[in-house]
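**Student:** Need a 3D model of the sequence below.
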Amino acid sequence: MLTADLARSRTHEETITPLFIDTDEQRYRNTADELIQIFEDHLGEPKGDLEETIDQLTIADTDYKIVQGLAKLLKDECEFETVAPVEPQEIRQALFEKANESYPIVRQPTLGEDTQKLEVYSAVADHLGISLEECYQGMYADLEENKRLVRFGHRVSNEYNGTDDTTTTTRLTGDSEESYAEDMITVEWLLTRYNLALAQAVLYDATEMRVRVWDSFATVFSYVKLFGLMHRIYPIDSTGTRVASTDVADGYEAILDGAASLFSKSRKYGIRMANFLPALPLCDRWEMEADILDDDTGSTSRMVSFELAHTDDLSSHYAAQGEFDSDVERTLAQKWERATTDWELVREDDVLDLGAEVMLPDFALEHPDGRRALFEIVGFWTPEYLDEKLAKIGEANRDNLIVAVSERLDCSSDDFDGMDNRVLWFKSGIHVYDVVELAEEYAVEVSFPR
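**Tutor:** Model prediction:
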């Protein structure tokens, strides 16, 4: 994503709007093409050389903020590594020990001292079994500006001997990692990604987001959970108005709480909402409204409104559906694959009707004999959200709903009145056979194929 200093938006009265660019405008296409070529030409070269070339382009272009923004997005698709035949720290230590035997090595030596320096480098290079040039260049190869561009998108430097494949991935906020759609880095890709990044940057200071979607529910809500967004979900009709039940619903509205209400003015939650945004363009029809804390008006902060919809023609670089919503779920699924049990852990896509709201359990547990249980993991910690989550679980009133609850939360068995026997408490991870034990006791037979 873009850093805050590269964001471009306009605030007018009570609304804020990203300053999107026209992706068909030739000057932007030329700039994007030149930047992509710069990165390709610097594959295998030091990071400092790449950044110097980008700075030169920035100086020559009046839209310097756009150039730097596009370059930032391209850097997100890069990998920089220390490339040296011997660990730089080992080279430095050997050089310093050798030089310390009789004299210091100075920055601007006389002719005699320069010869002595060459002797030190030669001796260390011979000792380490590397060339004189490798010794000299490798001494500070681990400095940030000396690291080499070893991967750019799907392209890998010929000198890079890494073992990973060429699929690009982008690290998400927090500890989770999600594979993105495998797009080639082209002018069109970069410019459309830039407009999306401008919209994301507005959300850094978001305090609440309201999302309405009319398709691809499982995909959208999987990303809501993946980024740890506290949410309340309501059924809506075709106009976006809330309705009484899922039986008459055309879509769903999600209220996502944000940073200012939970973490004072921390951007932690706003960045999570920004990371979530690319999930929405995966839908054919969607709308989003957000409350943004505007601090640029002087000493007094105010709230402004930010609106987006499918009509804004944003495109997503996310995969159609995240496989897991959290690291706890991912770890449990990995443990399940190694476990010996007839119970199958499957992603759940049923919507439980709670009247005015709905609930989407995390998993279902299915047995070959037809028994089935629903499995919900409660890992959010704010008191308000926890109260609502517990209320939802109670309202669901499903005898085959079992729940795993983090011991870090401020709650106890008293909060699960009537279903405390179906609650599994965990500290850092969930054990497979504890879940199986609850499923054996509380699963029910289903009368329709799954």
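
**Student:** Run the chain-centre distance for stretch 203-211.
**Tutor:** 16 Å (Cα atoms, centre = their mean, to the nearest Å).

**Student:** ugh, wrong one, I meant stretch 422-439
**Tutor:** Distance, centroid of stretch 422-439 to centroid of chain: 28 Å (Cα atoms, centre = their mean).

**Student:** What residues of it count as buried?
**Tutor:** Within stretch 422-439, the residues scored as buried using 16 or more other Cβ atoms under 10 Å are 422-424, 426, 430, 432, 435-436, 438-439. For every residue, glycine as well, the C-beta is placed using N, CA and C.

**Student:** And residue 418, its phi and psi?
**Tutor:** When quoted as degrees, to the nearest 10, the phi and psi of residue 418 stand at phi 90, psi -10.

**Student:** same deal with residue 142?
**Tutor:** Per degrees, to the nearest 10, the backbone of residue 142 is at phi -90, psi 0.

**Student:** my guess is residue 240 contacts residue 253, does it?
**Tutor:** Yes: using Cβ atoms under 8 Å, residue 240 is in contact with residue 253, at 7.0 Å.

**Student:** Which residues are in contact with each of those two?
**Tutor:** Listed as contacting both residue 240 and residue 253 by Cβ atoms under 8 Å, 6 or more residues apart in numbering are residue 212.

**Student:** who has more neighbours, the two?
**Tutor:** A direct count of neighbours by other Cβ atoms under 10 Å for residue 240 and residue 253 places residue 253 higher, at 20 against 13.

**Student:** quick one: contacts for that one?
**Tutor:** With contact taken as Cβ under 8 Å, 6+ apart, residue 253 is in contact with 210-212, 233-236, 240, 242.

**Student:** mind checking the longest helix of the protein?
**Tutor:** Taking DSSP state H as the criterion, the chain has its longest helix at helix 111-128.

**Student:** Skip ahead from it and say which helix or strand is next.
**Tutor:** Later in the chain than helix 111-128, the nearest helix or strand by DSSP states H and E is helix 132-138.

**Student:** Just the mean pLDDT for that next one, thanks.
**Tutor:** Mean pLDDT, helix 132-138: 86.

**Student:** Give me the buried stretch members for that helix, please.
**Tutor:** Result for helix 132-138 [16+ other Cβ under 10 Å]: buried residues 134-138.

**Student:** Which SSE is immediately downstream of it?
**Tutor:** Using DSSP H and E, the helix or strand that directly follows helix 132-138 along the chain is strand 148-152.

**Student:** returning to that earlier point: of the contacts of residue 253, just the buried ones, ChimeraX syntax please.
**Tutor:** To isolate the buried subset of these in ChimeraX, counting by 16+ other Cβ under 10 Å, use the following:
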select :211,212,233,234,235,236
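
**Student:** Looking at the contacts of residue 253, which is nearest residue 26?
**Tutor:** Closest approach to residue 26 among these (Cβ to Cβ): residue 211, at 35.0 Å.

**Student:** by contact count, what packs against the helix or strand the closest one falls within?
**Tutor:** Per DSSP H and E, residue 211 falls inside strand 206-213. Where contact means 3 or more Cβ pairs under 8 Å, 6 or more residues apart in numbering; DSSP states H and E, strand 206-213 is packed against strand 251-257, helix 259-263, helix 268-276, strand 286-294.

**Student:** so who does residue 346 touch?
**Tutor:** Residues in contact with residue 346 (Cβ under 8 Å, 6+ apart) are 363-366, 450.

**Student:** Tell me the buried residues in stretch 73-90?
**Tutor:** Here stretch 73-90 shows 73-75, 77-84, 86, 88 as buried, counting by 16+ other Cβ under 10 Å.

**Student:** For these, please prepare a markdown table with the additional fields secondary structure and distance to residue 18.
**Tutor:** Output for these, formatted as a markdown table (DSSP: H, G, I helix; E, B strand; the rest coil; distance: Cβ to Cβ, whole Å):
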| residue | secondary structure | distance to residue 18 |
| --- | --- | --- |
| 73 | helix | 14 |
| 74 | helix | 19 |
| 75 | helix | 21 |
| 77 | coil | 21 |
| 78 | strand | 25 |
| 79 | strand | 29 |
| 80 | strand | 29 |
| 81 | strand | 34 |
| 82 | coil | 37 |
| 83 | coil | 38 |
| 84 | coil | 42 |
| 86 | coil | 48 |
| 88 | helix | 42 |
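
**Student:** what about the stretch 301-450 of the chain, any weak spots by pLDDT?
**Tutor:** For the stretch 301-450 of the chain, the stretches with pLDDT under 70 are 321-326, 348-351, 353-358, 379-386, 389-390, 447-450.

**Student:** Would you state the strands of it in chain order?
**Tutor:** Ranges of strands in the stretch 301-450 of the chain, per DSSP state E, counting those that start in this stretch, are 302-309, 344-347, 352-353, 358-359, 363-366, 371-378, 401-406, 423-426, 444-445.

**Student:** what's the distance between the fifth one and the middle of its chain?
**Tutor:** Put plainly, it is strand 363-366. Centroid displacement of strand 363-366 relative to its chain, using Cα atoms, centre = their mean, is 27 Å.

**Student:** Out of the buried residues of stretch 422-439, flag the one nearest to residue 311.
**Tutor:** For these, the nearest to residue 311 is residue 430 (42.1 Å; Cβ to Cβ).
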